[in-house]
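>>> Predicted model follows, preceded by the sequence.
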Amino acid sequence: MAPPGLPVASKRAARLSGTRAVFIGARPCPEGTYFRVWAPIANRVDVVIERREMRLPLTAEVAGYFSGTLPNVSAGDRYKFSLDEGEAFPDPASRYQPEGPHGASEVVDPGGYEWSASDQSWSGVSLSGQVLYELHIGTFSPEGTFLSAVLEFPRLRALGITSIECMPLAEFAGNAGWGYDGVALFAPHHHYGTPDDLRSMIDSAHEHGLGVILDVVYNHLGPDGNYLSKFSDHYLSDQDTDWGNAINFDGEHCLPVREFFLANAAHWIAEYHFDGLRLDATQSIHDSSDSRAHILTEIGAEVRASAAGRLTIVLAENEPQDCSLIYPVEENGYGLDAVWNDDFHHSAVVALTGRREAYFCGHLGRPQEFISAAKYGYLYQGQYYSWQNHPRGTSAFGLDPKAFVTFLENHDQVANFGRSLRLRSLSSPARYRAMTALWLLSPGTPMFFQGQEYGSETPFHYFAGHTAELARAVSKGRQKFMLQFSNQDTPQMRACFRDPEDPEAFRQSRLDPSEQFRNPEIVKLHADLLTLRRSNPVFHDRAVATLDGAVLGQDCLVLRYLTPNREDRLLVVNLGTGVDLPNLPEPLVARLPGCDWQVTWSSEWPEYGGCGSSSPGRFGAWHVPGECTMLLTPIRLARPFAPDIPKSGNVSREP
């Protein structure tokens with residue numbers, strides 16, 4: 001329901017009003033400011049304007065809504081809602097909380113920002129060809145603001161990043177936090193900047209050719225500063241999540257709750273021009289109603305409807321690995337675009353570090369796992385999973401591999417290593433380079449975590465800014481969580497445990513820009529791999545090439561990208577010691593007729609810090625160097641292939 005009196009002549013205004021979601025919150029209009037709130041718990045709702053001694057009643061609608069247009073109220077005025085002439089509370093759909101979640105809400109004009117010509121011509125983003133970059137605004141730059149983040153956009157785009165994925169921005173209590181305990185879900189966190197600062201950040205991203213995706217939390221609400229229960233008892237259900245009660249999407253009086261969250265999804269797309277959403281922990285978003293589409297399907301549809309013709313993507317995190325999230329609605333799926341692939345990450349961690357504690361115990365880090373991940377996405381698609389003592393996952397056959405977001409690091413996984421160390425610090429340099437190449441030249445959609453692209457050694461701790469008993473409870477809960485890893489449950493590691501409520505945990509997690517210049521070989525490694533990926537669609541478009549793979553040894557594999565025009569690519573990966581293969585009965589490594597394999601890229605080239613490598617079949621029998629990934633391209637021979645004679649070193653041959 002659009003507020004009365006809003007102009008709809010401009011493209012921007014049409015975009016703001018062209019959504020199926022109801023309107024809630026406050027928005028300036030020619031007659032003043034239009035307010036609308038769901039408060040079924042009250043018989044009367046008044047708007048209380050701070051510092052102006054104004055208290056004006058709203059008109060009751062059906063289903064517990066109250067609304068009205070108040071004259072002489074405009075953008076910048078601060079207000080609260082008083083219920084039944086009692087205490088006043090912040091607006092549940094506040095667009096800005098300049099003093100934090102406990103303070104007054106501020107009227108914001110979403111149409112007051114003048115978007116650049118680049119944004120107005122921006123067509124949005126689709127999944128194909130994406131390279132994502134997860135960041136946390138508060139630690140991404142020394143200032144920790146929307147506007148300071150902009151300074152890094154040219155560098156990210158030049159590297160080959162295509163879209164930024166922002167960790168949650170909704171208002172939360174305290175000066176620091178990851179954002180997953182948001183309470184004012186329509187308001188950008190005030191320490192990061194104003195709503196128009198956020199618009200300016202997204203505008204700048206579009207000017208630099210970067211999409212922007214927002215991580216949102218629709219499975220629970222934060223514990224401090226949550227005033228929704230003052231307006232209704234029906235926002236939460238009696239189903240539990242790991243973080244508190246789930247949202248009531250299917251119980252009594254759930255329709256306005258659904259409208260609230262659909263309006264929130266529409267709000268970020270229409271009012272801020274985000275290019276999509278990442279839905280946190282969808283396994284804890286429950287909807288068993290039969291009379292309407294699943295709430296996740298409706299969220300996806302709302303995102304697309306609110307984009308005014310621009311392309312969008314909706315990603316999902318789902319720990320049980322339910323592939324129905326990305327099956328089309330016509331095939332009884334939810335119709336989302338992609339899911340995070342924890343399986344790839346877990347196999348990579350085991351291969352790089354040898355660690356198999358806790359939830360890593362179901363992975364061996366062996367070559368077949370990486371072949372299967374490249375071909376099928378998830379590894380667990382219904383098999384028994386010993387860590388959880390039940391089957392995990394559902395079938396992904398027939399799904400496009402790019403629908404699986406792959407990563408070596410993300411916010412959770414960096415923080416879950418005992419001292420919040422980066423994966424590069426836990427592996428040998430050569431093996432890490434080899435794994436990076438396997439990751440970026442596999443067909444999944446890759447996602448970097450902030451600082452990874454230049455080899456940052458800055459930790460990323462779990463941090464929060466709670467006080468009193470809540471702070472103690474969060475600290476205790478975090479320590480209990482970390483002790484699932486047997487290597488953390490020792491006196492030595494307990495002494496290293498970083499209290500999330502210690503301000504140092506936040507300070508130490510802030511990126512140091514000077515690190516960008518310390519490891520130029522790591523920057524070049526990532527830049528060159530992304531150039532390879534971008535310049536040749538065989539690596540990410542199955543319409544161009546089909547993929548197959550084979551295991552060559554305990555730590556050695558090949559992926560072959562097969563094309564109809566005989567422009568195959570062969571990726572040879574060895575994560576262990578060098579392998580001699582005098583007998584190689586594997587068709588996937590065979591040369592094309594009249595051609596030989598030529599090394600066109602290697603993770604062991606010196607510009608990446610390596611020690612060099614040559615074609616594995618240069619001397620006849622194959623030798624695959626240790627901890628190395630090589631890309632082989634066919635080269636036409638003027639004469640029949642003949643192996644070189646080794647001039648140095650030892651090359652294994654059959655006796």
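Arrived safely.
>>> Name the helix or strand for the nearest residue to Gly174 once chain neighbours are set aside, please.
Ranked by Cβ to Cβ, 6 or more residues apart in numbering and with sequence neighbours excluded, the top spatial neighbour of Gly174 is Gly465, at 2.3 Å. Every C-beta, even on glycine, is put in place using the N, C-alpha and C of the backbone. Using DSSP states H and E, no element contains Gly465; it sits outside every helix and strand.
>>> Over to the one 4 residues further on?
With the criterion set as DSSP H and E, the secondary-structure element containing Glu469 is helix 468-482.
>>> Tell me how far that helix lies from the chain's centre.
Distance of helix 468-482 from the chain centroid (Cα atoms, centre = their mean, to the nearest Å) equals 25 Å.
>>> Which SSE is immediately downstream of it?
helix 491-494.
>>> Any buried residues in that following helix, and which?
Neighbour-count burial for helix 491-494 flags Met493 (criterion: 16 or more other Cβ atoms under 10 Å).
>>> ok now that helix, how far from the chain's centre?
31 Å.
>>> Which strands and helices lie in contact with that helix?
Judged by 3 or more Cβ pairs under 8 Å, 6 or more residues apart in numbering; DSSP states H and E, helix 491-494 is in contact with no other helix or strand.
>>> Report the contact partners of Arg494.
Gln479, Gln488 (Cβ atoms under 8 Å, 6 or more residues apart in numbering).
>>> Tell me the secondary structure at Lys80.
strand (DSSP: H, G, I helix; E, B strand; the rest coil).
>>> Report how many residues lie close to it.
Counted with other Cβ atoms under 10 Å, the neighbours of Lys80 add up to 20.
>>> picking up where we left off before, burial measure for the residue nearest to Gly174, as a count.
20.
>>> Is it correct that it is in contact with Ala173?
Yes: using Cβ atoms under 8 Å, Gly465 makes contact with Ala173 at a distance of 6.9 Å.
>>> hang on, the earlier thing: quick one: the residue nearest to Gly174 from Ala642, how far?
Separation of Gly465 from Ala642 (Cβ to Cβ, to the nearest Å) stands at 68 Å.
>>> cool, and Pro520?
For Pro520, the distance to Ala642 - Cβ to Cβ - is 39 Å.
>>> How many residues are close by Asp240?
That count, for Asp240 with other Cβ under 10 Å as the rule, works out to 11.
>>> Next, it: secondary structure please.
Asp240 is classified as strand under three-state DSSP.
>>> Leaving out sequence neighbours, find the closest residue to it.
Ala246 (6.9 Å).
>>> Confirm that neighbour sits in a strand?
Yes: using three-state DSSP, the assignment for Ala246 is a strand.
>>> give the contact list for it.
Going by Cβ under 8 Å, 6+ apart, Ala246 touches Asn219, His220, Leu236, Ser237, Gln239, Asp240, Ser284, Ile285, His286.
>>> now Glu319
Ala281, Gln283, Asp342.
>>> Most neighbours among those residues, which one?
That'd be Asp342 among the contacts of Glu319, by other Cβ under 10 Å, with 24 neighbours.
>>> Show me the contacts of Ala246 that map onto strands.
In strands, defined here by DSSP state E, the members of those are Leu236, Ser237, Gln239, Asp240.
>>> among these, which ones are buried?
Buried among the ones in strands among the contacts of Ala246 (16+ other Cβ under 10 Å): Leu236, Ser237.
>>> tell me the two of the ones in strands among the contacts of Ala246 that are most distant?
Pairwise distances across those peak at 10.3 Å for Leu236 and Asp240 (criterion: Cβ to Cβ).
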